[in-house]
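1. output the structure for:
(one chain, ligands or ions: 1)
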Amino acid sequence: MPDSRPILFFDSGVGGLSVLAPTQRLLPQAPIVYAADSAGYPYGTRSEAEIAGRVPALLGRLAERYHPRLIVIACNTASTIALPAVRAALDLPVVGTVPAIKPAAELSRTRVIGVLGTEATVRQPYVDDLATRFAADCRVLRHGSAALVALAEARLRGEEAEDDAYRAVLAGLLDQPDGERIDVIVNACTHFPLVADRLEAAAGRPVQFVDGGEGIARRVAHLLDGADWPDVAGEGTAVFTGADPAIALLRPALARLGLTQVKLL
Ligand code: DGL
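-> Residues are numbered from 1 along each chain as shown. Okay, here's the model as predicted:
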């Protein structure tokens with residue numbers, strides 16, 4: 001009998017779709033539940049205590065409801081703050097999302113890299129640790145932007161913003177001392193790859209943007225190597241934790257990734 005347990009992706013909003021997409025390319029048959037904590041969104045302006053209190057409990061409820069074979073915390077903010085607590089609480093594999101500082105340091109020629117995340121993520125000791133371990137000879141500039149999270153959510157609802165909105169976000173990094181030397185920017189929030197083309201255009205000079213999506217997809221495929229999948233492609237579920245009129249506007253973007261069922265938790 002094929003194993004019908006899904007892979008459960010979790011984020012505050014639609015950002016995790018940037019991790020789901022590369023995972024689906026590697027595992028097209030995998031049943032998917034995509035959970036967005038719309039009642040808790042946005043995470044990036046919350047305190048560590050709020051996120052640490054909320055995420056493990058919510059993932060516990062989701063695990064009970066959907067019996068996933070594996071959970072992907074497709075959110076840098078939740079992962080950098082709550083990943084150990086989630087792993088301790090749940091008896092199943094949990095893959096987290098952490099800022100792609102290592103690949104950025106490998107690519108940078110100028111040895112000045114930018115980390116663009118949420119305000120909560122960029123202040124995490126976890127980010128200091130990654131910078132020390134993998135980018136010790138680089139200057140690592142950081143900027144937290146709630147505005148960019150909102151721009152990505154709006155884009156998936158079909159609302160495109162002007163270039164100026166993206167330029168204003170990037171100025172937070174590029175206008176810092178040494179910012180003009182940045183040649184690689186880490187999209188350290190899963191929402192940001194959803195607007196990577198807009199960021200590239202707004203940068204006005206060659207800057208490479210990197211994120212962890214492909215690496216996470218490979219990790220998930222490796223952990224589930226040899227799994228037996230049912231034939232349910234295109235029947236994925238998106239589950240939201242709170243009712244919001246914006247959810248209806250997200251349906252086309254969700255359906256493009258096979259998330260045709262939309263539910264409230
Ligand atoms: N997508 C999330 C992240 O990767 C958080 C966005 C938010 O809710 O502020 O950090």
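
2. excluding chain neighbours, give the residue nearest to the residue nearest the centre of the chain in space.
-> What sits nearest the mean C-alpha location of the chain, by C-alpha atoms, centre = their mean, is Thr190, with 2.3 Å. Spatial nearest neighbour of Thr190, chain neighbours left out: Gly15 (3.6 Å); criterion: C-beta to C-beta, 6 or more residues apart in numbering. Yep, even glycine has a C-beta here, placed from its N, CA and C like the rest.

3. next up, the contacts around that neighbour.
-> Gly15 sits next to Ala74, Cys75, Val149, Ala152, Cys189, Thr190, His191, Phe192, Leu194 when contact means C-beta atoms under 8 Å, 6 or more residues apart in numbering.

4. go back to the residues you listed and keep what's next to the ligand.
-> Cys75, Val149, Cys189, Thr190, His191 (C-beta under 6 Å from any ligand atom).

5. surely Ala52 and Ala85 touch.
-> Yes. At 6.2 Å, Ala52 counts as touching Ala85 under the criterion of C-beta atoms under 8 Å.

6. just flag the most distant two among the ones next to the ligand among the contacts of Gly15.
-> For the ones next to the ligand among the contacts of Gly15, the farthest-apart pair by C-beta to C-beta is Cys75 and Val149; their separation is 10.5 Å.

7. now the common contact residues for these two.
-> Both Cys75 and Val149 are contacted by Gly15, Cys189, under the criterion C-beta under 8 Å, 6+ apart.

8. which of the ones next to the ligand among the contacts of Gly15 fall in helices?
-> Among these, the ones falling in helices (DSSP state H) are Val149.
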